[in-house]
Structure formats: C-alpha cells, structure tokens
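**Student:** Quick one: sequence and predicted model below, then my questions.
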Amino acid sequence: MQVTQYLDELPSTAASDVQLVFAFATPAAYQARVAELRAAFPQALLAGCSSAGLIAGERVDDFPMVATAISFAHSCVSHAWLKLADCAGDSFSAGQQLGAQLPKDGLRHVLLLADGLHVNGSALIDGLQHTLPAGVQVTGGLAGDGERFEQTYVYCNEHCTSQALLAIGLYGEALRIGHGSQGGWDSFGPERLITKSVGNVLYSLDDQPALALYKRYLGEHAAELPASGLKFPLSLRGPDGQPGVVRTILGVNETDGSMTFAGDMPEGTYARLMRANFERLLDGAAGAAERCNSHLTQQDAELAVLISCVGRRMVLGQAVEEEVEAVRATLGAKPVLCGFYSYGEISPLLDTEACTLHNQTMTITVLGEA
C-alpha cells in the first residue's frame, strides 16, 4: 500500500495504479479541479466532501483542496452513490439502498461520507448496517459547511452534489483496519428527560419546550444559534444507565420551539449539557489514536483518516493543530494523515459495539496492508 498527499500540484503524468483518492475540498475547488484529478488518477474512485476545515499531515486549515492518493497492493475498492431525493429523504431507506449497491463478497470495511444537514445520521447508519455482512464495520463522517449551516456537498468522481451519500467499500484479506473515537467534554447542569421527540427533532425536555430551555442555559450565546450550539452539545444517557452518545444541534425552529440534531434523540433518554475542557479534548484525540493502535501496529499503518467535529475546532481555535499533533504522537511518524472537520462522526464507540453517529469526537480510521 502506497499513500501520497497533494496540497497544490497534482502529478503531471497519469498514475493508473491509484485506486482511491480522498479529495477533501471546497465545492468550488473540487468542481474546478475534478478534470485535473481525473487526468492524474484515471482509474481511481474520487471521493470527498465539503467541510469545516481540512487536515493535511499535522496542519489544519481552510485549504482549497487536500488530495490523498492510495494504491493498494492486495486490496480493492468499490462504491455506492445515492441522492437523498431518490429515497424521498428517508435516511433509513437511503442506508439500505447504499448497502444493497455494495458487492458483499470479500467486503472488510465501509467508509461513509454523507450530507451534513438533511440526513438523520443515526437512521442512515442503521439502514446501512442492516444490509452489511456480520462483522463489517462502518466509519466516516457528515459533510460540513464551516460555521454557516447552509449547504453541504459530497463528491464522487465527477459528481459534486448536495444532499448526497457515498459509501466506499474496502475489500481484501490483506487489508488491516483500525478505528477509534473519543470526545473530551465535561457535563454540567441537571439531567433532563426527553419527553417529546420525533427521530432527530427534539421538542421537549421535562415537558418544557426544548429550545426555550436550552436558550436559558446559553444566555448571551443563544443569539448565535445554531452555530453557538457547537460549543454546548448534549450528552445522552439511556434509562437503564448505559453510557450514551453526544449530540450537536444542526438547526432550530423558532415557530414550534424544536431543535434538530445530527442523530436520533429518543424519548425516555436523559440529556445533559456539556462544555469544552481544553486538555480533555486533546486527551480525547490521543485516546482515539490509542484505540487504533490496539488494532494494528505503527509499522502496519499507512494512512489515517481523521474526522473531527467542527465544534472542537471552534473551541480549540488557534490551538486546533494540537489535537492533530496528539494523534501524530500516538500513531507514530509513518501514516499519512488526512481528513476534515465535520458535522458528525461515524464509528463504533467500542470494538464490540455496532457503529453509531457521534458528535464532538475525534474519530480515526487507520488503514494498512499485510
């Protein structure tokens, strides 16, 4: 397996052995350079999305584009591409249709890139996993749009489309895969029961209108919603006490007092506000990398795809590269680092658990070949 990263100039001669190119970029940059990408990598699957910032090595910036070209020695790639309109906006059905498109023979792992504003990430993942062979895990993320929350895009070959989904299937016995996901936020305030919700739309907490209650906690930050909500996510806990996930706001409805989140907000679940702890965010990034190292050694890892939450970038500010440096220190010098800041991260929380949607985490997928 060989991995090469490009920030500016692409190769002048065609690299026909490249099978997969992650092209994380602004929509304008991708559209402007897609023909150049195709000429440089004529046989490759071109895959990427819009973001809230790009990762290249230990650098984090609003680069126009970061292209990472992968040549597998013993593995292969396929993909499934879908527009949400093709399944009437039903996220579970969209996941099922994506999974149905992927060949199953030899499938080892799925990388998922999805619209960041119009999809229920929880339902999408459930639908996709419903169609996959046992033991096949899913990692990935939801596309971003900076702090604007207006429109996100997913890229697949010559397509640069909003409200779209891309599943990348990885195949081959030689493939070595590691993954890890961890947060680093502190809870505060009382737990409140979710008393009314529909999917990923939250209407009431403790029988009180959710948006009004949330605004009271945010105080002066409430005027900046939904962007300010990235700094104050909700931690969910199931009724039987099992640890839950973190959810971030994607939008608010002033008319009915509801809030829309990236994933499900089940009734009967307990929600509690969270806020940033700078040191714990960095520890969380290192912890996600440590979990990757439990799957394969530093000598085996060739590529690490880092997907971190836009809220983490907002909180860390000019120190955001420190979380990427924490990943590098843990994974070692060998793997190429690429990735983006997202509106949601996709990963199993633990090795024994099914994949789920997370917010406010650093999520890492590490690849290599034996």
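**Tutor:** That came in fine, so what should we check first?
**Student:** so what's Gly48 up against?
**Tutor:** The neighbours of Gly48, taking CB atoms under 8 Å, 6 or more residues apart in numbering as the test, are Phe22, Ala23, Phe24, Ala25, Tyr30, Leu113, Val154, Tyr155. In short, each C-beta sits where N, CA and C put it, glycine included.
**Student:** same question, Arg38
**Tutor:** The neighbours of Arg38, taking CB under 8 Å, 6+ apart as the test, are Leu46, Asn157, Glu158.
**Student:** mind checking how far it is from Ala14?
**Tutor:** Spatial separation of Arg38 from Ala14 under the definition CB to CB, to the nearest Å is 9 Å.
**Student:** quick check: domain ranges of the protein?
**Tutor:** Domain assignment for the chain by automatic domain parsing gives 2-182+280-369, 185-274.
**Student:** Start and end of the first one, how far apart?
**Tutor:** Across its full length, domain 2-182+280-369 reaches 10 Å between end residues, using CA to CA, to the nearest Å.
**Student:** So which residues of the stretch 151-300 of the chain form strands?
**Tutor:** When secondary structure is read from DSSP state E, counting those that start in this stretch, the stretch 151-300 of the chain shows strands at 153-156, 159-162, 164-171, 175-182, 185-198, 201-205, 208-209, 234-237, 243-247, 249-253, 258-261, 270-276.
**Student:** With Val310 as the reference, name the closest of those strands.
**Tutor:** Across the strands of the stretch 151-300 of the chain, Val310 has its closest neighbour in strand 249-253 (10.8 Å, CB to CB).
**Student:** and for the closest one, what are the contacting residues?
**Tutor:** The set of residues that contact strand 249-253 without belonging to it, under CB under 8 Å, 6+ apart, is 116-117, 149, 211, 225-226, 229-230, 233, 258-262, 343.
**Student:** mind running it again at 7 Å?
**Tutor:** Contacts of strand 249-253 with the rest of the structure, by CB atoms under 7 Å, 6 or more residues apart in numbering, involve Leu117, Phe149, Leu211, Leu225, Pro226, Gly229, Met259, Thr260, Phe261, Ala262, Tyr343.
**Student:** swap in stretch 200-220?
**Tutor:** Residues outside stretch 200-220 that contact it (CB under 7 Å, 6+ apart) are 120, 122, 189, 192-197, 222, 228, 232, 252, 257-265, 271, 273.
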